[in-house]
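**Student:** sequence-free structure coming up:
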């Protein structure tokens, strides 16, 4: 399958943090040709192949969403957040409730004629909204239980050129890049472990434990970062379509960052720098670098517009160039 088809398959599977079983099943099928596929107790998915110097490649598979708290007496669904849900996106959004059956629903909204004076000027609190699936309480209780997950309705559209709009491109675009990269690394003179980690949106829980006991020499985390759009600060953003963003930060290995830059330049791979200060990048790189006695870790990010919304946008070329950069970096060191 081509990159667009791969992204379509990956974004179509649900995987709200803590309930990633559906995307795990899809991944296990996709990874089977590359080696033995395993999972750990928290749900991380691994595939390992080769021998020698050991690279860990990571991307997270979970997504933001909601968890069912209760069904009201009049059949509406009350929820709480799983991860960083942007409350501005809630009102009138179409959603999917992943109960005993897949149920379509909408988030309730007050018509403008019935709103109070200040209702239109503020984002709602999650506790103040409800999901309408069109059922009575008795009907809903047969299909929906507390703990079921809720996602925004799946959306996948090709925009002009090579840009795509979809849910969960954070971080299924990174997952796609890793799959493309390991396809290029088959037969490399080194050992590669690809870790598809869970619960990143809950505080990097999967990656915090996933690298233990793997005897990793160095790691590359792949995530998304802010793509420039109107009203964003350009110095905080990359440009969608201009190449992967190579992280430079106090908590990242500077030698690896420099080597990634050189690799990109030597192989004519477009790239951007993402310079971050402070003591964290907000990605799995933070957790992996502190595993055991420490792992040298770098970060590559795919620029993405409209993060944590149902209309995230990336460029297919950036996904493919991320894979090219990872493969060229690993193969370059393996051949050194």
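**Tutor:** Nice, thanks for sending it over. Just so it is clear, the structure is predicted and the values come from calculations on it, not from any experiment.
**Student:** end to end, how far does stretch 151-170 reach?
**Tutor:** Terminal residues of stretch 151-170 are spaced 14 Å apart (Cα to Cα, to the nearest Å).
**Student:** buried ones in it, by neighbour count?
**Tutor:** Buried residues in stretch 151-170, counted by 16 or more other Cβ atoms under 10 Å: 151-152, 154, 162-170. Any C-beta I mention is one placed from the backbone N, CA and C, and that applies to glycine too.
**Student:** could you report the pLDDT at residue 121?
**Tutor:** With respect to pLDDT, residue 121 scores 58.
**Student:** repeat that for residue 233.
**Tutor:** Predicted confidence (pLDDT) for residue 233: 87.
**Student:** can you give me phi and psi for it?
**Tutor:** Per-residue torsions, residue 233: phi -80, psi 120 (degrees, to the nearest 10).
**Student:** re the thing from before, what's the closest of the buried residues of stretch 151-170 to residue 316?
**Tutor:** residue 162 (4.5 Å; Cβ to Cβ).
**Student:** what's the burial count for residue 259?
**Tutor:** Neighbour count for residue 259, taken as other Cβ atoms under 10 Å: 17.
**Student:** and it, what is it in contact with?
**Tutor:** Shown in contact with residue 259 (Cβ atoms under 8 Å, 6 or more residues apart in numbering): 329, 333.
**Student:** confirm that it sits in a helix.
**Tutor:** Yes - counting by DSSP: H, G, I helix; E, B strand; the rest coil, residue 259 falls inside a helix.
**Student:** tell me the confidence at it?
**Tutor:** 97.
**Student:** ok, now residue 326?
**Tutor:** 98.
**Student:** distance from the host helix or strand of it to the middle of the chain?
**Tutor:** Assigned by DSSP states H and E, residue 326 belongs to helix 316-334. Between the centre of helix 316-334 and the centre of its chain there are 18 Å (Cα atoms, centre = their mean, to the nearest Å).
**Student:** ranges for the strands of the stretch 51-200 of the chain?
**Tutor:** Using DSSP state E, counting those that start in this stretch, the strands of the stretch 51-200 of the chain run over 54-60, 65-71, 77-82, 94-98, 102-107, 131-132, 149-152, 156-158, 163-166, 191-197.
**Student:** partners of the second one in the sheet?
**Tutor:** For strand 65-71, the paired strands and their directions (DSSP bridges) read strand 77-82 (antiparallel), strand 149-152 (antiparallel).
**Student:** in the first one, which residues are buried?
**Tutor:** Residues of strand 77-82 classed as buried under the neighbour-count rule (16+ other Cβ under 10 Å) are 77-79, 81-82.
**Student:** would you turn those into JSON lines with pLDDT?
**Tutor:** JSON lines is the format used below for the buried residues of strand 77-82 (pLDDT from 0 to 100):
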{"residue": "77", "pLDDT": "93"}
{"residue": "78", "pLDDT": "94"}
{"residue": "79", "pLDDT": "93"}
{"residue": "81", "pLDDT": "92"}
{"residue": "82", "pLDDT": "91"}
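**Student:** and the spatially most central residue of the chain, how far from residue 160?
**Tutor:** Centrality entry for the chain: nearest residue to the mean C-alpha point is residue 171, 1.7 Å, by Cα atoms, centre = their mean. Applying Cβ to Cβ, to the nearest Å, the value for residue 171 to residue 160 is 24 Å.
**Student:** out of the strands of the stretch 51-200 of the chain, which comes closest to residue 44?
**Tutor:** Closest to residue 44 of the strands of the stretch 51-200 of the chain, according to Cβ to Cβ: strand 191-197, at 5.0 Å.
**Student:** could you give the angle of that closest one to strand 54-60?
**Tutor:** Counting by axes from the mean of the first three to the mean of the last three Cα atoms, to 10 degrees, strand 191-197 lies at 20 degrees to strand 54-60.
**Student:** how about stretch 315-333: buried residues?
**Tutor:** Those would be 315-331, 333, for stretch 315-333 by 16+ other Cβ under 10 Å.
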